[in-house]
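*Asks:* just the structure for this:
(chains A and B)
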Amino acid sequence: MTGFFLTTYSQDGEFDMTQCLLEGNEAIARAAVSAGCRFFAGYPITPATSISNTMLKLLPPLGGTCIQGEDEIASIGYCLGASMAGLKVMTATSGPGLSLYSENLSFAIGSEIPIVIINVQRLGPSTGSATRGADGDIQFMQWGNSGGLPVIVLAPVDVKDCFVLTMHAFDLAEEYRCPVFVASNKEIGLTRESIDLDTIEKPEIVTRAAPPEREPFLPFGIPPGRMVPDFLPIGGETLVRQTSSTHGPNGYITVDPNKIGGTRQRLKDKLISNVGRFSYYEEFRKEGADTLLITYGVTTRAARDLLHDQKSGTKPFSLLALKTLWPIPKALIREKAREVKRVVVVEMNLGQYVREVKRILLDKEVDFFGQMDGKLITPGQIKEVIDHV
Amino acid sequence: MSSLLNTARPPAFCPGCAHESVANVIDKCFGNMGLKGNQIAVVSDIGCGGLFDTFFHTHAFHGLHGRALTYATGLKMARPELEVVVIMGDGGLGIGGAHLLSACRRNLSLSLFILNNFNFGMTGGQYSSTTPSEAQVGSGFLNNLERPLDVCQVAAGAGAPFVIRRSGTDKNLAEDMERAIRFDGFSVMDIWGICPGRYQKKNKLTPRGIDEALATLPPAEGPVKENIRKEYGQAYRETASSQKASSEPLGIGKSFDPPEPGRREVVILGSAGQRIVTAGEILCLAGLTAGLKATQKNEYDITVLRGASNAEVILSSEEIGFTGIERPSVIAALGQNGVGRRRKLFESVDRDTLVLQADGIEVPETNATVRRIDFEGQGIKSPDWALASISLLANLNRVISPEMLKSALETRFKGQSLISSLELLDRVEMNNPT
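*Replies:* Numbers count the residues shown, from 1 in each chain, chains lettered A, B, ... in the order given. The predicted structure follows:
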């Protein structure tokens, strides 16, 4: 079992550093460029628009492309075209736009097109509240595709995570050739925060694998010992086929049940079996605590405060803040919950991820608190849930 | 002449289908142009026209119904040297209408060949956006109630600089296709043809009938003079290369000590146009000059210059977790809209909280220490009240010090704005306590 700490909680009050002010959305845009993103297309939507705005400042001077689509369908379509031409691509939206991404999201899953999708969640359903936060799309991001195959969803807590996780998102999209979501929230994307950019440990940059010289190139051929096809760009020397239809290794439609079934299984397995390699989280373990609090996203900030508040009088608890939500890091969750009797899940919706936690931890008592009123969940509210037996 | 036809996967359309002959004409056009397969990307979507990407030894991209132009746009922006040929049917035309309009307006050098056979062949002959009202198709009476679309007029109206309408049997079709592909900009070809499997069942359409129908329409013969302009990709690259590189975010080091320890929360409640968000940002920058951690959340309506505008700033010597504010150190009440949104906040605070209340603004009953400010009497206009309020805090050494604020103002403003803001810091006063 491996895992990764993304941030460490600074306990001392000394900050001998140079800080700047960044909102989460701007951090995401800057991280994308750092990761090598050279193509962005998006459609204006609160609270994600400032990602487009920042990309428009950053990309053109670098020779990259930032365009505004006529709608969200076009925006993600542009990205899929550019990705198949070999560029690292990103788009950004919120719930109503994510709804329109669905058909092309399914395409990117089934036809293994790398793309990073930023979802700055706002309170739904539907147009909902443009300027109120929520984590209401947690199941939607995973299941909002036809075919029901896995995607990767990473969830930042703060500006620093916005930066680091976006870079990871590009690496994962390249390595696994799949859509990778960054599940932000209005409360992170539009919150300005001090950050020392020098302290960010940038992940190593991964680029989709090119095939060794061999003939003929099969656009969906799987090299021995691998689970992901090699990539050559459309427009290069070698002819490349891409198709949204059910295809064999050569990129032409297949009716062979073995090929069809084998590919669908591989599309699932390539992510599910590897999630241990990218199960990002942060953890604060309290010795002897019989309760484990599980959070993600901006709610983790309230949980951290409660955990570090010596005067709160809260029952001792440990905290597991998940930063990889999908595929579900089952092994991680089981390991971290092993020694506790009770697990409490708190999220900014009416109960989405808790469904997964409950079915993974059948032998634990799992309690839930959720809120969907446009307000942040407070440390005091979490304390009530933890103390309530 | 060389052929790019994929002989292993020949067109397999219904006997007599116009698509099959058009596929051969496209191949002839590629041959006439001397193009190699890797110089071309064929982009297709759904329907019988969606099979075209498999007929040629070229790069190929097959995607969702009506979206072919979007994928083609991404490909062409990334690979300007590639000839991108988009094949759509009249079905894709209808569902992808927004993309067509956008492509016409943008003028990226894509070649769109619309295989127009007046119905959805693949799903049983339902009516499409080009089905004649009088035709009998698989949609009962529905098409009788709607008018068909002339895509050439629409495309020209939307700004396409090259629009051409032809029968699929036209003897010069390959030459016209070549003109379309060579055209430096977005080109649209509306290619009419017969669908023997579906449309022809109840509608007797012949090549001659197509020619006669074409003759009744306004001509679409290629370049549209009034729409001729620079190709989008080239214009984009030229404009982009003259853009100034974006600067890195400004880093601010610790120069001062904060006047108060621990976590301090400030809520500024106002109205749009009062520069509430800017004042919040300056407060954060001031915090940075003392090495503090800072967060700022804003609440505003979608409308500009109307409605509430609130900023919530936290400055802390420790890492900031929860970014909400429940017991602020300071509330600045500067606009009735903003105060209205946060009435409960006033009830929850005690005398340790300082409320800066602008004259003319009503606040709810509160146990906080309230100080009133006559901004207007001091000649301070509403857009400066928020800045004046944080200036008052600095002068009181609450949350920030005057040095911290001065340094932040020097970071944020230049020229006259800086002079005015520093002058504001010097002169703003609270009313005498009553």
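*Asks:* residue A:336 sits in which helix or strand?
*Replies:* Using DSSP states H and E, the element containing residue A:336 is helix A:330-337.
*Asks:* element containing the residue in the stretch 101-250 of chain A that chain B sits nearest to, please.
*Replies:* At 3.6 Å from chain B, residue A:235 is the closest residue in the stretch 101-250 of chain A, using Cβ to the nearest Cβ. Quick note: C-beta positions are derived from backbone N, CA and C, even for glycine. Residue A:235 belongs to no helix or strand when elements are defined using DSSP H and E.
*Asks:* any idea how far residue B:61 is from the nearest residue to it once chain neighbours are set aside?
*Replies:* Spatial nearest neighbour of residue A:235, chain neighbours left out: residue B:79 (3.6 Å); criterion: Cβ to Cβ, 6 or more residues apart in numbering or on different chains. Going from residue B:79 to residue B:61 by Cβ to Cβ, to the nearest Å gives 11 Å.
*Asks:* equivalent analysis for residue B:386, please.
*Replies:* 52 Å.
*Asks:* tell me which stretches of the stretch 51-200 of chain A form helices.
*Replies:* Listed in chain order, the helices of the stretch 51-200 of chain A (DSSP state H, counting those that start in this stretch) span A:72-84, A:95-110, A:138-143, A:159-176, A:186-189.
*Asks:* list the contacts of residue 206.
*Replies:* Using chain A here. A:170-172, A:174-175 (Cβ atoms under 8 Å, 6 or more residues apart in numbering or on different chains).
*Asks:* if you could check chain B rather than the one you did, that'd help
*Replies:* Applying Cβ under 8 Å, 6+ apart, we find residue B:206 in contact with residue B:194.
*Asks:* with the one 4 residues further on instead?
*Replies:* By Cβ under 8 Å, 6+ apart, the residues touching residue B:210 are B:167-169, B:192-194.
*Asks:* which of these are close to chain A?
*Replies:* The subset of the contacts of residue B:210 within reach of chain A, counting by Cβ under 8 Å from any Cβ of the partner chain, is empty.
*Asks:* so which of those residues is the closest to chain A?
*Replies:* residue B:193 (23.2 Å).
*Asks:* kindly report the residues of the stretch 51-200 of chain B close to chain A.
*Replies:* By Cβ under 8 Å from any Cβ, the residues of the stretch 51-200 of chain B that approach chain A are B:53-54, B:57-64, B:67, B:70-79, B:81-82, B:98-99, B:101-102.
*Asks:* so residue B:411: helix, strand or coil?
*Replies:* Look at residue B:411: counting by DSSP: H, G, I helix; E, B strand; the rest coil, its state is helix.
*Asks:* so what's the closest residue to it other than its chain neighbours up against?
*Replies:* Distances taken as Cβ to Cβ, 6+ apart place residue B:285 nearest to residue B:411, at 5.5 Å, with adjacent residues excluded. Going by Cβ under 8 Å, 6+ apart, residue B:285 touches A:21, B:252, B:407-408, B:411-412.
*Asks:* same thing but at 10 Å, please
*Replies:* Residues near residue B:285 by Cβ atoms under 10 Å, 6 or more residues apart in numbering or on different chains: A:19-21, A:194, B:250, B:252, B:294, B:400, B:404-405, B:407-412.
*Asks:* before we move on, what about residue B:340?
*Replies:* By Cβ under 10 Å, 6+ apart, the contact list for residue B:340 reads B:269, B:271, B:308, B:362, B:364.
*Asks:* swap in residue A:27?
*Replies:* Contact analysis of residue A:27 by Cβ under 10 Å, 6+ apart lists A:51, A:54, A:156, A:158-166, A:184, A:188-189, A:193, A:195, A:197, A:200, B:249.
*Asks:* and what of residue A:371?
*Replies:* Residue A:371 sits in contact with A:134, A:299, A:346-350, A:377-378, A:381, where contact means Cβ under 10 Å, 6+ apart.
*Asks:* for residue B:26, same thing?
*Replies:* B:4-5, B:40, B:42, B:52, B:55-56, B:85, B:87, B:113, B:173-174, B:177, B:181, B:191.
*Asks:* repeat for residue B:57
*Replies:* Residue B:57 touches A:239, B:3-9, B:27, B:30, B:36-38, B:40, counting by Cβ under 10 Å, 6+ apart.
*Asks:* how many other residues sit next to the residue nearest to residue A:322 when sequence neighbours are not counted?
*Replies:* Closest residue in space to residue A:322, ignoring its immediate chain neighbours: residue A:296 at 4.6 Å, by Cβ to Cβ, 6+ apart. Residue A:296: 28 surrounding residues under other Cβ atoms under 10 Å in any protein chain shown.
*Asks:* bridge partners for the one residue sitting closest to the centre of chain A, pull those for me.
*Replies:* Among the residues of chain A, residue A:154 comes closest to the average C-alpha position under Cα atoms, centre = their mean, at 2.5 Å. In this entry, residue A:154 is beta-bridged to residue A:182, residue A:324, by DSSP bridges.
*Asks:* how about residue B:356?
*Replies:* Under the criterion used (DSSP bridges), residue B:356 bridges to residue B:332, residue B:371.
*Asks:* so it sits against residue B:399, correct?
*Replies:* No. No contact is recorded between residue B:356 and residue B:399 when judged using Cβ atoms under 10 Å, the distance being 11.6 Å.
*Asks:* overlap in contacts of these two?
*Replies:* B:266, B:330, B:390, B:393.
*Asks:* can you give me the strands for the stretch 51-200 of chain B?
*Replies:* For the stretch 51-200 of chain B, the strands defined by DSSP state E, counting those that start in this stretch occupy B:59-62, B:83-89, B:111-116, B:162-167, B:187-192.
*Asks:* mind checking which of the ones you listed is nearest residue B:148?
*Replies:* Comparing these against residue B:148 with Cβ to Cβ, the closest turns out to be strand B:111-116 (9.9 Å).
*Asks:* tell me the phi and psi of the nearest residue to residue B:382 once chain neighbours are set aside?
*Replies:* Counting by Cβ to Cβ, 6+ apart, residue B:274 is the residue found nearest to residue B:382 once chain neighbours are left out, at 5.7 Å. Main-chain torsions, residue B:274, degrees, to the nearest 10: phi -90, psi 10.
*Asks:* distance check, residue B:274 against residue B:381.
*Replies:* Counting by Cβ to Cβ - residue B:274 and residue B:381 are separated by 10 Å.
*Asks:* picking that back up, which among the contacts of residue A:371 gets closest to residue A:223?
*Replies:* When these are compared for distance to residue A:223 (Cβ to Cβ), residue A:347 wins out at 39.7 Å.
*Asks:* what pLDDT does that closest one get?
*Replies:* On pLDDT, residue A:347 comes in at 98.
*Asks:* one step back: just checking, which of the contacts of residue B:285 comes out lowest on pLDDT?
*Replies:* Where pLDDT dips furthest among the contacts of residue B:285: residue B:250, at 91.
*Asks:* so it is in contact with residue B:411, correct?
*Replies:* Yes. With contact defined as Cβ under 10 Å, residue B:250 counts as touching residue B:411 (6.7 Å).
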